[in-house]
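Asker: Test case, fold it:
(one chain, ligands or ions: 2)
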Amino acid sequence: MSLAALALAQALVSLTPTMENTRLLRELVPEAPPGVELTGAAPFGEVPAPWALLPDTVRRRAVTLSDGYYTRLDIHRIASYGTLPLFLLEYLAGQKLLEEGSGAPLWAEKVHKPAAYLVAGLFTVNTVTGLWNLAEAQKVESGKTRRWVHSIMMLAADVGFIYGASKAPSTQQIDDRIESGTRGGWTPHKATTVASMGVATAALVMMYLWKDE
Ligand code: HEM
Ligand code: HEM
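Answerer: Ligands and ions are numbered 1, 2, ... in the order given. Predicted coordinates:
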């Protein structure tokens with residue numbers, strides 16, 4: 001083989017798409033205009049659109065999400081960091097109130113209600129950003145089940161928290177309960193909020209364990 005033929009063969013081999021090339025292509029290839037079918041080859045005699053030349057996996061990734069999507073995802077993630085510490089605080093304070101009623105330490109009283117409002121605020125923010133992103137990501141096939149499972153569990157937790165808070169007892173009721181010989185244990189408020197915290201924790205942890213693409 002002559003040197004020229006060798007150089008040609010070498011050039012052709014290095015032109016085949018590599019992982020790196022495909023990744024770069026994804027950034028270079030323009031997004032398909034709305035309404036354009038991304039699969040399917042171009043009809044005979046027509047020049048295919050650049051994205052139609054890409055392999056399937058790359059074409060699927062060419063579906064883009066807005067900048068807003070990622071901003072909302074950041075807000076969603078940052079808000080989520082507050083969840084578990086607040087749950088713990090809420091439980092410890094609630095348990096003290098349940099066991100001691102009006103005799104409970106001041107910190108428990110000072111913590112339980114504000115922490116409840118913080119949990120409510122956090123869940124409101126994440127319900128709005130989450131549902132918004134769930135709707136926008138409908139066009140993305142990968143990770144759909146993961147997003148839906150997470151969202152449905154969180155919506156169930158939302159309902160549980162609202163119902164649980166509506167069952168919150170008064171200090172007087174707790175004092176009466178202690179008076180009649182029941183200290184600690186379970187109340188409808190505790191049962192519903194603990195169940196909701198459990199569902200929400202599972203829905204949170206699954207996002208870290210289940211990373212499908
Ligand atoms: C009804 C309420 C909620 C809905 C509809 C919802 C929906 C979503 C959606 C669609 C995603 C995007 C997944 C992705 O693009 O990869 C997501 C991610 C996530 N959500 Fe939620 N969510 C809700 C509530 C919550 C709450 C209350 C928390 C925290 C306790 C939370 C924690 C997370 C985390 C940690 C992620 C992963 C973020 C990442 O991968 O960067 N979500 N959620
Ligand atoms: C995220 C979960 C929870 C939320 C959102 C929540 C919310 C609330 C709210 C809004 C009140 C009424 C406060 C007031 O009117 O002063 C309350 C009271 C109370 N909660 Fe919770 N709670 C939660 C978890 C718990 C848990 C796990 C327990 C028990 C272990 C508990 C025990 C109590 C008790 C005993 C009271 C009566 C407080 C008093 O003496 O005034 N809570 N809760």
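Asker: Could you pull up the residues touching Leu97?
Answerer: Residues near Leu97 by CB atoms under 8 Å, 6 or more residues apart in numbering: 104, 108-109, 112, 171, 174. Using the backbone N, CA and C atoms, a C-beta is placed for each residue, glycine as well.
Asker: any idea how far it lies from Val111?
Answerer: 9 Å (CB to CB, to the nearest Å).
Asker: Tell me, how many residues neighbour Met206?
Answerer: Residues lying near Met206 (other CB atoms under 10 Å) number 14.
Asker: Could you measure from it over to Gln138?
Answerer: 20 Å.
Asker: Stretch 70-79: which residues count as buried?
Answerer: 72, 76, 79 (16 or more other CB atoms under 10 Å).
Asker: likewise stretch 102-116?
Answerer: 104, 108, 111-112, 115-116.
Asker: Restricting to those, which residues neighbour ligand 2?
Answerer: 112, 116 (CB under 6 Å from any ligand atom).
Asker: Throw the buried residues of stretch 102-116 into JSON lines and include secondary structure, distance to Asp158 and pLDDT, thanks.
Answerer: Converted to JSON lines, these look like this (DSSP: H, G, I helix; E, B strand; the rest coil; distance: CB to CB, whole Å; pLDDT from 0 to 100):
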{"residue": "Ala104", "secondary structure": "coil", "distance to Asp158": "28", "pLDDT": "98"}
{"residue": "Ala108", "secondary structure": "helix", "distance to Asp158": "25", "pLDDT": "98"}
{"residue": "Val111", "secondary structure": "helix", "distance to Asp158": "22", "pLDDT": "98"}
{"residue": "His112", "secondary structure": "helix", "distance to Asp158": "20", "pLDDT": "98"}
{"residue": "Ala115", "secondary structure": "helix", "distance to Asp158": "17", "pLDDT": "98"}
{"residue": "Ala116", "secondary structure": "helix", "distance to Asp158": "14", "pLDDT": "98"}
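Asker: got CSV for the buried residues of stretch 102-116, with distance to ligand 1 too?
Answerer: CSV is the format used below for those (distance: CB to the nearest ligand atom, whole Å):
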residue, distance to ligand 1
Ala104, 27
Ala108, 23
Val111, 19
His112, 19
Ala115, 14
Ala116, 15
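Asker: now, which of the buried residues of stretch 102-116 sits nearest ligand 2?
Answerer: Ala116 (3.6 Å; CB to the nearest ligand atom).
Asker: Enumerate every residue touching the closest one.
Answerer: Ala116 neighbours (CB under 8 Å, 6+ apart): 90, 165.
Asker: what residue ranges in the chain are flagged as low confidence?
Answerer: 1-62, 213 (pLDDT under 70).
Asker: near ligand 1, which residues of it show up?
Answerer: Residues of the chain lying near ligand 1 (CB under 6 Å from any ligand atom): 73, 76-77, 80, 83, 123, 126-127, 130-131, 133-134, 137, 143, 147, 150-151, 154-155, 158, 200, 204, 207.
Asker: Number of residues surrounding the residue in the chain positioned nearest to ligand 1?
Answerer: The nearest approach of the chain to ligand 1 comes at Gly130, 2.3 Å away (CB to the nearest ligand atom). Counted by other CB under 10 Å, the residues lying close to Gly130 total 21.
Asker: Right, I'll call it a day here.
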